[in-house]
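Novice: I'd like to go over a predicted model; first the sequence, then the structure.
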Amino acid sequence: MPEPRLHASLAYDAGLFLGGALTGVHTRTDALDAVSRHETTGYNGTLTFDHGWWRDAPIRRYQISGEMLTPVD
């Protein structure tokens, strides 16, 4: 099995968030409402959305070289 790539934790968090938010939802209108009210905690912190934007998204700086991320202070 290949190693997780750069955005694996974000993909995991998105799946976790949507899986929780959309449980039992049957219409697009209900889905939009459910996503705007749902909150979950994942690898990248607490995920909540406000007007289509990730509220309180963590801000981290990295240098990218190929497939390597190096934190920048």
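Specialist: Yes, it's here.
Novice: Could you use CA atoms for every contact and neighbour count after this?
Specialist: Fine.
Novice: From residue 21, how far off is residue 60?
Specialist: 26 Å (C-alpha to C-alpha, to the nearest Å).
Novice: So those two - more neighbours on which side?
Specialist: Between residue 60 and residue 21, counted using other C-alpha atoms under 10 Å, the more crowded position is residue 21 (20 against 8).
Novice: these two touch, right, the more buried one and residue 34?
Specialist: Yes. Using C-alpha atoms under 8 Å, residue 21 is in contact with residue 34, at 5.6 Å.
Novice: So which other helices or strands are in contact with the top helix by length along the chain?
Specialist: In the chain, taking DSSP state H as the definition, the longest helix is helix 8-21. Using 3 or more C-alpha pairs under 8 Å, 6 or more residues apart in numbering; DSSP states H and E, the elements in contact with helix 8-21 are helix 28-37, strand 40-42.
Novice: How far off centre is that helix?
Specialist: Offset of helix 8-21 from its chain centre (C-alpha atoms, centre = their mean, to the nearest Å): 5 Å.
Novice: Number the residues from 335 up from this point.
Specialist: Yep, numbering from 335; the last one is helix 342-355 now.
Novice: so how far is the first residue of stretch 386-397 from its last?
Specialist: Taking C-alpha to C-alpha as the measure, stretch 386-397 stretches 27 Å from start to finish.
Novice: Off-centre distance for the least confident helix or strand in the chain by mean pLDDT?
Specialist: Least confident helix or strand, the chain: strand 402-405 with a mean of 84, by mean pLDDT, DSSP states H and E. Relative to the chain's own centre, strand 402-405 is displaced by 19 Å; criterion: C-alpha atoms, centre = their mean.
Novice: ok, now stretch 395-407?
Specialist: Here stretch 395-407 is found 19 Å from its chain centre; the criterion is C-alpha atoms, centre = their mean.
Novice: repeat for stretch 369-384
Specialist: Computed by C-alpha atoms, centre = their mean, the chain-centroid distance of stretch 369-384 equals 7 Å.
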